[in-house]
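1. attaching a predicted model along with its sequence, questions to come.
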Protein chains: 2
Amino acid sequence: MLRTLVSPDRIVTDPDVISSYAHDEAAWAPYGTAAVLVRAGSTDDVRNVVAACAERGVPIVPRGAGTGVVGGANALDGCVLLSLEAMDDIIEINTEERLAVVQPGVVNDTLRLACAERGLWYPPDPSSAPWSTIGGNVATNAGGLCCVKYGVTRDYVLAVEAVVGRGEVVRLGRRTAKGVAGYDLCGLMVGSEGTLGVITEVTVRLRGARSPERTVVGYFDTLRDAGAAVSGVTAAGIVPSALELMDRHVLEAVDAWRNMGLSADANVLLLGRTDLPGEAGEAEADAMVRLFEEAGATWAARSSDEAEAESLFSARKLSHPALERLGDLLTEDVCVPRGLLPEMLTRVEAAAARHDVHIANVAHAGDGNLHPVIITPKGDDDARGRAERAFDQIIADAIALGGTVAGEHGIGLIKRRGLRDELDPAVMAMHHAVKNALDPAGIFNPGKVVGTP
Amino acid sequence: MLRTLVSPDRIVTDPDVISSYAHDEAAWAPYGTAAVLVRAGSTDDVRNVVAACAERGVPIVPRGAGTGVVGGANALDGCVLLSLEAMDDIIEINTEERLAVVQPGVVNDTLRLACAERGLWYPPDPSSAPWSTIGGNVATNAGGLCCVKYGVTRDYVLAVEAVVGRGEVVRLGRRTAKGVAGYDLCGLMVGSEGTLGVITEVTVRLRGARSPERTVVGYFDTLRDAGAAVSGVTAAGIVPSALELMDRHVLEAVDAWRNMGLSADANVLLLGRTDLPGEAGEAEADAMVRLFEEAGATWAARSSDEAEAESLFSARKLSHPALERLGDLLTEDVCVPRGLLPEMLTRVEAAAARHDVHIANVAHAGDGNLHPVIITPKGDDDARGRAERAFDQIIADAIALGGTVAGEHGIGLIKRRGLRDELDPAVMAMHHAVKNALDPAGIFNPGKVVGTP
């Protein structure tokens, strides 16, 4: 039937290809067998698919590059997998209005590069930026390294075009700098993980290119000392342009893969950056060095070598693939109030010890956003059980500290119980009410995020 | 009946007092006769009122200081007017987490001052800041002068406590720097003008105190030249910390009231500011002077006198009360893409000429957010009819230029038709779906914003 609505070369029925699209990078999240894969080429394609599915009650699972880690893009039995990767045009980059209009399949780094060529900057920089798409970034409200100073994807989305309901194409948001015309339905779409419609175009706010960053490096013996350094930076009123943490397990994994010699020097590495211009930047970098030392750094200094600084940050971005070489990964994404970062790191260590699992820590430390990565030997079911208990323990600890179960990765499948633990039943009821109101046919990524009422 | 639920001293039935609370500052917007005024003292009071009204289908009109200008807080016949003014505690200002928790009745300037005493800054600065409340600011997603660089109220609201549905007390949002746990229902409440519930507590994000600002003043002969100067600043990649415009009518009104001598020197006044620190600030201020001159300023200079700069900005903030002395005001709030500001100013002048009305212009020029103020002699019905036609014309022009009918004041009653003109029917249907889903009893400020389905 779809063949009459969408060009046949956009429809894939080969089971091998379909199965390669059946899940994202979340280990252990369940996934089903899709009926068909559609590689949409236009908003019309998406509209036709949505209208047909709404009529027949067939679930749609939209997906970008599939780099998510919570199972949000995982196939449901009998669903239409709707890939937006082929809709990858940058439609407009407007210097005067400081905005860009892109199709959802544009890769984050591609947009950033195109903006940079015009002296503009699209800040959101998830570690997946070389592969992940803007559509996926918007659907998950992706974060990244510069969030600590510049905010997350939602802060940059001015407008979306989306196919909603039973196939209506709508534009939500605006092109103007400000606007309060009606409810913030554009913001509601951001982070809704495909459960309220399919995003077919995104208008993002841009900034001007910024000053070159200065990098500060600190080595610490313990997670607690490194956490104290982060709290010290925050308490001093410094807003760094990045503040990242990697523990010994991560450093060793990166060394084993790329032989960078990081773990010989440090147990815990803290990477700070400032992009303040001129003297203000000098002063802020010096202050971070001092605060690192006061918190007990075994060594702290400004990086004088830009190539070295870049390589340290690329080690940070490579931590996930480096860890993947060691086993199956269960990646956490809790976020706690900044001042409680040391306490939360301590609790993560306790969870590892208590449940006898190997946990590596990377963190957007300046945001209080931790990514404990629980690593288990491939195929070890017993270890997997312990990992899942540690995962639940960390979620419970984050909630107990006034934090959230999901800082930037989303809920997908694997955090649905965590979401119910975090939100009270009246708030969950509001979620269901909104979901039912905006997805009357119940076809948009059903069961994800809010689960089944 | 309410007397059994709320302390009797919080219930006002005196018709004179009730009528003084019956409307906000929107001229000509209709308002009805409330059954009762409740001055809530606690979240419990609000919950009890909401539960009782939900049971009986009685409409609730929440209000703060009543400084709105679109009729959003206007009474409906038989409604409960629910004033949040008495809930005015600053509950917490947290330096380490850079956030504040306040009750909705806290006045904007009161919060800003309390933050400043701790070296912190709450940026949103509507001109009503000396009187308007944080609750009202959140309900309308208020803007202000520093938005051009620092964003609007929504950008600072981390969490709200609200009474929703049939009296459920919910917490939406978070205390952490980041979070993607579920839909952005907190953002949805911001700007919903009391139509989705009653906000009883607000957690706002704070910034550190900023560097002192430098002020640049430009005099222009024509609105078009001043608009070109604004476009020049934007095109140069400068993001000023304020960029405000006042035309001859405003300058004369302020002079007539406060004798500041503004209108003797300029037809149109442009006030720019930069808060970049050190040399970068010097350079940005100098660049603005040069760009003002290049656009045809008859005079442009940096203000060397801080008191003078402050008095110019207070003239800007006093423009609305100064104009009120001249007659009835119908205040516009359109926002257009920044580059189209000169064109929109020209169209406003054309609308004034065509409909034979007196229009004064103030504008958050750097945002493309215009406030043409249509002034008519009190009691002149014919002039009022012409004013309403000019109002509609300006709205139509803004939409034609890709702008919005409401930059920061909200929709209330007077922009409901404008909203329908701006949004297409499928988007209006989404609004109604959300409203019905979250207000099943139909009691929250019914008829406002989205109108009646």
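-> Received it, and whenever you're ready, just let me know what you need.
2. and the stretch 301-450 of chain A, which residues reach chain B?
-> A:335-339, A:364, A:366-369, A:402-411, A:415, A:418-419, A:422-424, A:426-427, A:429-431, A:433-434, A:436-438, A:440, A:449-450 (C-beta under 8 Å from any C-beta of the partner chain). C-beta coordinates here come from the backbone N, C-alpha and C atoms, glycine included.
3. can you give me the strands in the stretch 1-150 of chain A?
-> With DSSP state E, counting those that start in this stretch, the ranges of strands along the stretch 1-150 of chain A come out as A:11-12, A:36-39, A:60-63, A:80-83, A:90-94, A:99-102, A:120-121.
4. can you give me the strands in the stretch 301-450 of chain A?
-> Using DSSP E, counting those that start in this stretch, strands in the stretch 301-450 of chain A cover A:328-331, A:358-364, A:369-376.
5. pLDDT at residue A:91, what is it?
-> pLDDT for residue A:91: 98.
6. that one contacts residue A:106, doesn't it?
-> No: counting by C-beta atoms under 8 Å, residue A:91 does not reach residue A:106; the two are 9.2 Å apart.
7. more neighbours, these two?
-> Remark: of residue A:91 and residue A:106, residue A:106 carries more neighbours, 24 against 12, as counted by other C-beta atoms under 10 Å in any protein chain shown.
8. tally of neighbours for the nearest residue to residue A:294 once chain neighbours are set aside?
-> In this structure, residue A:294 finds its nearest non-sequential neighbour in residue A:232, 6.3 Å apart by C-beta to C-beta, 6 or more residues apart in numbering or on different chains. The number of residues packed near residue A:232 is 18, by other C-beta under 10 Å.
9. now do residue A:417 against chain B, distance only.
-> 12 Å (C-beta to the nearest C-beta, to the nearest Å).
10. try residue A:165
-> As judged by C-beta to the nearest C-beta, residue A:165 and chain B stand 7 Å apart.
11. count the residues that sit near that residue.
-> Using other C-beta under 10 Å, residue A:165 has 24 neighbouring residues.
12. enumerate every residue touching it.
-> Residue A:165 makes contacts with A:54, A:197, A:438-441, B:426, B:429-430, as judged by C-beta atoms under 8 Å, 6 or more residues apart in numbering or on different chains.
13. and those residues, which of them are in helices?
-> A:54, A:438, B:426, B:429-430 (DSSP state H).
14. the lowest-mean-pLDDT helix or strand in chain A packs against which elements?
-> One helix or strand of chain A scores below all others by mean pLDDT, DSSP states H and E: helix A:306-317, with a mean of 87. Contact partners of helix A:306-317 among helices and strands, from 3 or more C-beta pairs under 8 Å, 6 or more residues apart in numbering or on different chains; DSSP states H and E: strand A:214-220, strand A:242-247, helix A:248-258, strand A:268-274.
15. closest to chain B out of the ones you listed?
-> Chain B lies closest to strand A:242-247 among these, at 11.0 Å (C-beta to the nearest C-beta).
16. any part of the closest one near chain B?
-> No: against chain B, strand A:242-247 shows no contacts by C-beta under 8 Å from any C-beta, the least distance being 11.0 Å.
17. picking that back up, quick one: buried ones out of the ones in helices among the contacts of residue A:165?
-> Among those, those classed as buried by neighbour count (16 or more other C-beta atoms under 10 Å in any protein chain shown) are A:54, A:438, B:429-430.
18. check the gap between the nearest residue to residue A:82 once chain neighbours are set aside and chain B for me.
-> The shortest distance from residue A:82 to any non-neighbouring residue, by C-beta to C-beta, 6+ apart, is to residue A:62 (4.7 Å). Using C-beta to the nearest C-beta, we find residue A:62 at a distance of 16 Å from chain B.
19. dump the residue contacts of residue A:62.
-> Applying C-beta under 8 Å, 6+ apart, we find residue A:62 in contact with A:73, A:82, A:84, A:135, A:139, A:194, A:198-199, A:444-445.
20. if we go to 7 Å?
-> Applying C-beta atoms under 7 Å, 6 or more residues apart in numbering or on different chains to residue A:62 gives the contacts A:82, A:84, A:194, A:198, A:445.
21. also residue A:108?
-> A:126, A:129, A:132-134, A:137.
22. and chain A, what are its domain boundaries?
-> A:2-83, A:90-208, A:211-317 (automatic domain parsing).
23. residue B:31 is nearest to which of those?
-> Residue B:31 sits nearest to domain A:90-208 of all the domains of chain A, at 21.1 Å, using C-beta to C-beta.
24. residue A:187 and residue B:186 touch, don't they?
-> No: with contact defined as C-beta atoms under 7 Å, residue A:187 does not count as touching residue B:186 (9.5 Å).
25. shared neighbours of these two, anything?
-> Joint contacts of residue A:187 and residue B:186 (C-beta under 7 Å, 6+ apart) do not exist.
26. next, the buried residues of stretch A:294-314.
-> Residues A:295-297, A:300, A:302-303, A:309, A:311-313 are the ones in stretch A:294-314 that count as buried (16+ other C-beta under 10 Å).
27. quick check, nearest of these to chain B?
-> The closest of the buried residues of stretch A:294-314, once distances to chain B are taken by C-beta to the nearest C-beta, is residue A:295, at 14.5 Å.
28. list the contacts for that closest one?
-> Counting by C-beta under 7 Å, 6+ apart, residue A:295 has contacts A:225, A:228-229, A:232.
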